[in-house]
Structures are given as C-alpha cells and as structure tokens.
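> build me a model from this:
(one chain, ligands or ions: 1)
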Amino acid sequence: MHKKILFILVLFICQNMFAQTEFDHYPVYAPNDLGLTYTKNASTFRIWSPTADAAEIIFYKRGDDSSVIRKTSLLKDKDGCWSVTIEADLAGQFYVFRVQIEKEWSDEVTDPYAKLVGVNGKRAMVADLKQTNPNGWEQDKSPDFSTENRPTDAIIYELHIRDASMHPQSGIKQKGKFAGLAEWGTTNNEGFTTGLSHIKELGATHVHLLPVFDFSSIDESKPGNAHYNWGYDPLNYNCPEGSYSSNPYDGLTRVREMKEMIQAMHQHGLRVIMDVVYNHTAKTIHSNFNQLVPGYYYRHKKTTQPPELHGRDTFSDASGCGNETASEMPMMRKFIIESVVYWAKEYHIDGFRFDLMGIHDIETMNQLSKALHAIKPDIILYGEGWTAGASPIPDSQRALKTNAYKLDRIAVFSDDIRDGIKGSVFNIKAKGFVSNQPGLEEQVKFGVVASCRHEQVHYPVKAYATTPAHVISYCECHDNNTLWDKLMLACADDSEADRTRMQKLANTILLCSQGIPFLHAGTEFLRSKQGVENSYKSSDDINAIDWSLKTSHKELVEYIRSLIRMRKEHPAFRMFQAEQVEKYIRFEEHAEPGTVIFTIDGKAMGDSWKNIWIAFNGSKLEKKLTIPQGSWHSFLPDNNAKAIVHDNITIAAYSAVILYQP
Ligand code: CA
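Numbers count the residues shown, from 1 in each chain. Predicted coordinates for the structure are as follows:
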C-alpha cells in the first residue's frame, strides 16, 4: 500500500517537474540578428526553432494572394536557429517561414521579428528600412517637457488614432490615419483647434496612443469599411498597423507615415507614448510564435496531463484573450526587450504603456527598463498592475500594482484614485467622492499622496509606491465608461450643471495630486460614448471625438488648461521623492465629511507659491471652512470660493478651492 502511494507520488512529481522544465532545456540564442538582415547584395534570414527537423522560407511576389516565387531550405544554425543567406537584392519580395516538427509541417507564418509586412500582416517584406525615414528624420529630437524631464513633470493625454479625426467636426483631412495626427492648425466649424493643435494648446506633454503596432482585427484590404477596433489583439509586434496608413500593401508606407506623425508631434513639442500588448497574442495555436516553437512562448496551466500535450491544449489565460505569454522564458524576454528597444531607436518613441503588465514578470520589466533608460534617460514607462485572470506565476514575481515598489522606474495605474474620485468602475451606479458619496475621503487622500506612505492617510491598501513616479493618477481612460457617462449613469437625478461641476472637481483632484497625471482625450469637454462601457469594437459614432463639444464647453476646456498650466509652473505639484510627499503635504485632520483639505509647503519645493491651501468639496452642500491665518490669493479662474471673510471661506457644492501665498 505504502509502496503504491510512493510510486504515484514519484510519478506525479516527475510529470510536473518535466512539464515545468521541458522548455528549460531549449538552447538560448543570444545575438540580436533574428529575422532579416538586409543589404543590397544579400539577405540573411534567421529563425529560432530548436525542435524543428527542417525549416523553409517561401518567397512571394505580393503580400496577399500571388503565387510563389520560390522555396528555399534553411540550414541548421547554432543554438536552435535555422538560417539562410541569399546573395541577391530581394527588395520588394514577401516571405513566410514554415518548420517541420515530428514529421508535420507547421502553418506558413510571418517572421516574428518582421519590421515590414504586407496587407493584413500575413507576410513579411524585404526592403531597406532607411527608405522609410522622412526628410529630416536624422535631426528629429524628442522635445524637453520640463527643465528636469522627470516623469512626474509629464501630462499624459490618451488618444486613439481613429477617434482623433473621424468626426466631421475634426476638420482633419486624413481621417482615421497616422497622417491625420500630423495635420497642424485644424479646427472645428467654429474655429476652435482640434487634433494635434488642440493637444498642444491644452498643455499636454505626452500623447499616449492606443495600439499602433500591427493588430489583427481590422481587414486592411477593405479601407472603405468603417471597421473600428482599439487594437489589443497583436499580430506583428514590430510593425505599425496597416489600416492607419494610406497604403497597407506596401510595407514601407505605414512605417514612413507613422514616423512622419511622430516627427510632427516632436516638432510641436509633444512626446509620443506607445501602448504595447506583449501579454498575449491574437492567435494561440496558430500564432507565429507557437507554430515555430510549440508551447514555448506561453504559460501553461499546472496539470498532470502527459508532457507531450504541453503547448497544445494547456494554455493558461491571465489575459482573458485565450493565452498569456511567458516573459520569464529567455527567448520571450529577449523578444520583448528587443522589441521596445527597436521602437525607441527606430521610431524615436518616448514611452511605453504596458497592457496587463501584471502578467509580466518583474525581472523582465526591470531589465527592459534598464535597456530603455540607457537609450533615453527620460523615457516614461508604466502599465496596468493587474491581470484579467489567474496566472500560474506567483504574485510576488509579477509586475502587479502591489509590487510597484519593486519596479525600476516603472509606474502603475492607480485604480485607487480613479475609483475614489468617481466610484467603482465595476458598478455603474456607484458614486464617488465628487458625486456626494461619503466615506471616500481617505481614498482620495491616498491618491493625493500618489500611494506613498503618509501618516495622515488611513486607507486599507498598503502604500505601494516608494516614489510619486511609481503612480499614474487618473480617473478615466479608454476602458469603462467615460467620466461624463459614469456621472450620467450614477447621478441621473442630478442636474447637468451639477454633473459638470463634478467633472471639473474630478479633474481638479487629479491635477492637484502627486504622481503622473493622465487624461483621457475629451475629458476636458465632457466626452461621451453614449453609455457604451466597452467600446473596443463599437462604431465611430460611439468612439469618435465630437469636436463640436469644444465649442459648447469652452469654459471647461479653459479651466482644465489653466490647471495644467498651474501644475507645469509649480513644482509643489510635481514632487519626485516619497519623503517630500510625507513632509510637505499636511492634511486638515478635522475636515468635515465630504471634504478633503490639505496644505502644501511650496517653499520647501522651491515654488514661487510659498504656501498652498487646497480644499475639495465633493458633497452636495455648500461648506463654510476655516482657512489658516494670513493673506491668501485665490487661483481658480472661475473662483469657486464665494467669499473670503477673515479666516472663513464658503465653498460651493461639488467644487474646489486653491489658495496660495506668494
Ligand atoms: Ca493589421
């Protein structure tokens, strides 16, 4: 009996050990010349496929349906690679790979390292990448965004390429394209600026673009179809999306047009951040990764199934999209790091936002940060410190929000300040601090101090930041309802005027909080998606930014613009050490429920405002508050303070007061 149990136990352990270490025996290829190395005289192609018995490259005339030019075998190379050099100028030809593993040929797949692809990203293209550089590209420089260029000096503006220009009132000619965001001086019907000019005028420093790498959901061959997608379904990581270019068939055009857009943004003083999605691939079994090296690039569920099934039907799914990549595997880690470095160098990208970053392991993120900071010391990195499902890798090893302090110069989104301000995104009826919900004062204070330790903040979540630069402060992004829709849904009984005040207060809290502020495009003029919570494939009617709103809410735009200017002019709002936050911010201990009141020691931060006194009133009642002694000036343009009488101030419902001593 005992022997039998022991036998089963040993068998179980062996199976699991084998399952966990199966891929660990694969050789690792260190050089960074995977994919295509092109010159006019010769092209070398190299793939990593350590379990293959044979490998082929197939050349085509076109990126879609034309017939084969020829097939060539690849030869076994070192460390699991296969390669071939063809001495001819292959520019203009398209190619795919296939490998034979255990007598079976794989699908024909795109080169995972492809930098140029044809329509719908089905085949990689051979060409000289230098041809994609616009005039003056060698002189293109990322503009300074402050004197120190610290992450907390940034004002990030989150935007989807198509949303920016599709509306008739955008005044932008090249609608839905990279080129549309390179147009300068565009206006709506009443002459208010739109697109790139608007973002510059508002005062943002960084434009964060939703996915612009090649994703799979849009049929690029049908540009007439008004198909829309956010783009969180990666196909070719190192190529731009074709539907945003004027010609998705020619691999060079999309690259050149994306570079032209970045160049235009740089010329107008804006930096560019890319939203990247290395946490999963759109396809699973049939992805190029998985066809070339079955199972290797993904995590798998812990299972007692026989090892030969691994990589076939055991994919774990922390992304909620059918798979999750295994950043801890050396060749996946290498792929991710080389990919971001490529974008930073070739496209002059100034920052990255990592989708579901909580799936990636901390070690990969920190190595990646080190590599990117070596190229661009003021690059900005941040991500979602959560996942969409369970992962087999222990929490302690993944880039989760609670591990932010372990991350090297990488910030996490603070859902604490987001939900404190407006109420939980998971309950559309939930109200927040700005909409008269009591009990959220400490959560807002936790946001004000950018999730750093502060003895006056009593919030159940442990401080996870050890610098304000660890935190992205936001209350709205592309996910979930827009702030305006959320207020409509949760506060249907309140007047539109009151809801507008709530939206103003929400943005005031954000821009007065420490951390890196992040604005969703259109929040400055009450952008609505008509209550559609997950608009990832909704029509342009839902997603496109209605630029006529800029006319109807011009006071609000002006108000948010003035707050952005205040933040940029006053270092008191841009602390860069947790010690500064703890020492120089003091909360009023006996603030009334529904209010958050604090002072900032501006002098200690070298600010021209020696003392700053801020009060947020999220309640529906006007409040009479006591201000500290001394003579105070009011900052806010549409003075929410009704009257300052001696040391008393009356603050309107749903509003903020910012006072300062020069
Ligand atoms: Ca595509």
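
> closest residue of this protein to the ion?
With Cβ to the ion, the shortest gap between the chain and the ion falls at residue 214, namely 4.5 Å. Bear in mind the C-beta positions are built from the backbone N, C-alpha and C, glycine included.

> I'd like the distance between that residue and residue 63.
Distance of residue 214 to residue 63, given as Cβ to Cβ, to the nearest Å: 12 Å.

> overlap of the contact sets of those two?
residue 117 (Cβ atoms under 8 Å, 6 or more residues apart in numbering).

> list the contacts of residue 604.
By Cβ under 8 Å, 6+ apart, the neighbours of residue 604 are 580, 583-584.

> what are the phi and psi angles of it?
Backbone torsions for residue 604, taken as degrees, to the nearest 10, come to phi -60, psi -30.

> tell me the SS of residue 46?
strand (DSSP: H, G, I helix; E, B strand; the rest coil).

> give me the number of residues near the closest residue to it other than its chain neighbours?
Closest residue in space to residue 46, ignoring its immediate chain neighbours: residue 83 at 4.0 Å, by Cβ to Cβ, 6 or more residues apart in numbering. Applying other Cβ atoms under 10 Å, we find 19 residues neighbouring residue 83.

> same check on residue 489?
Neighbour count of residue 489, defined by other Cβ under 10 Å: 16.

> just residue 131 next, same as before
For residue 131, the neighbour count with other Cβ under 10 Å is 11.

> mind checking the SS state of it?
Recorded secondary structure, residue 131: helix (three-state DSSP).

> quick check: bridge partners of residue 325?
Beta-bridge pairing of residue 325 under DSSP bridges involves residue 298.

> check contacts around it.
Contacts of residue 325 (Cβ under 8 Å, 6+ apart): 278-281, 289, 297-299, 332, 359.

> let's see that with 7 Å instead.
Going by Cβ atoms under 7 Å, 6 or more residues apart in numbering, residue 325 touches 278-281, 297-298, 332.

> returning to what we had before: from the contacts of residue 604, keep the buried residues only.
580, 584 (16 or more other Cβ atoms under 10 Å).

> reformat the contacts of residue 604 as a markdown table; add secondary structure.
As requested, these are exported to a markdown table (three-state DSSP):
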| residue | secondary structure |
| --- | --- |
| 580 | helix |
| 583 | helix |
| 584 | helix |
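
> now the contacts of residue 604 in a markdown table, with pLDDT?
Shown next, in a markdown table, are the contacts of residue 604 (pLDDT from 0 to 100):
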| residue | pLDDT |
| --- | --- |
| 580 | 98 |
| 583 | 98 |
| 584 | 98 |
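
> list just the nearest of the contacts of residue 604 to residue 344.
residue 580 (29.4 Å; Cβ to Cβ).

> and the gap between the closest one and residue 452?
Separation of residue 580 from residue 452 (Cβ to Cβ) stands at 9 Å.

> now swap in residue 384 and tell me
20 Å.

> who has more neighbours, those two?
residue 452 (27 against 23).

> got the contact list for that one?
Contacts of residue 452 (Cβ under 7 Å, 6+ apart): 463, 465, 468, 578, 581-582.
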